[in-house]
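Engineer: based on what follows, work out the 3D shape:
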Amino acid sequence: MSNSAFYVHLEDPVREVPPLDLQSKHHRVQPRPLEKRLEAAAQLRNSLEDHKVQGLAFRLAHVALLADNHHRQTTQNWLKARDRVSQDMDQHVRRRTAQISKRLRSLNEHNQEVKARKEEVKQEKFLRKLTHLHQAKTMSTISQFWGKI
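Structural biologist: Residues are numbered from 1 along each chain as shown. All right, here's what the predicted structure looks like:
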C-alpha cells in the first residue's frame, strides 16, 4: 500500500475575486433604461415583421412561378394535342381521299367494261337475229324452191 492515495493538497484561502477561469459563466445583465428596452423591442418587432414579409413575398413569387410554369405547360400540351389531332385528321383525310379515288377509278373501269360488254352482247344479239333472219329467209327460199319441184 502506498501513502500517496491519501495525499491532500491544501491551497491558500479563497480570494475575494476568484480567478478568471473559475468565474461564473452567467454574467449579470445590467438593467437598461425603459426607453432603450422599448426601442430595442420595436427594432426587433420591425426586423421580424420585415423577415416575415420577405418570406411571404418569396413564397408568393414561388407560387406565381409555379402557376406560370403550370399554365405554360398546360398550354403547350393543349397545343401539341391540337396539332396531333389536326395532323391525324389530315392524314385520315388524305388516306380516305386516296381510297375514294381508287374506288372511283375502279368503278369507272368497271363501268367501261360493262358498257363494252353491253355493246358486245347487243352486237351479238343483232348478229344472231340477222343470222336467224338469214337462215329463215334461206329456208323459206329453199322450201319454196323445193316446194315448186
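Engineer: average model confidence for stretch 88-99?
Structural biologist: Across stretch 88-99, pLDDT averages out at 97.
Engineer: give me the element residue 81 is part of.
Structural biologist: In this assignment (DSSP states H and E), residue 81 forms part of helix 34-148.
Engineer: now that helix: how far from the chain's centre is it?
Structural biologist: Helix 34-148 sits 21 Å away from the centroid of its parent chain (CA atoms, centre = their mean, to the nearest Å).
Engineer: pick out the residue closest to the middle of the chain.
Structural biologist: Per CA atoms, centre = their mean, the C-alpha nearest to the average position across the chain is that of residue 77, at 4.4 Å.
Engineer: contact partners for it?
Structural biologist: The contact partners of residue 77, taken as CB atoms under 8 Å, 6 or more residues apart in numbering, number zero. In this view, the C-beta of every residue, glycine as well, is placed from N, C-alpha and C.
Engineer: relative to residue 100, how far out is it?
Structural biologist: Here the distance between residue 77 and residue 100 works out to 34 Å (CB to CB, to the nearest Å).
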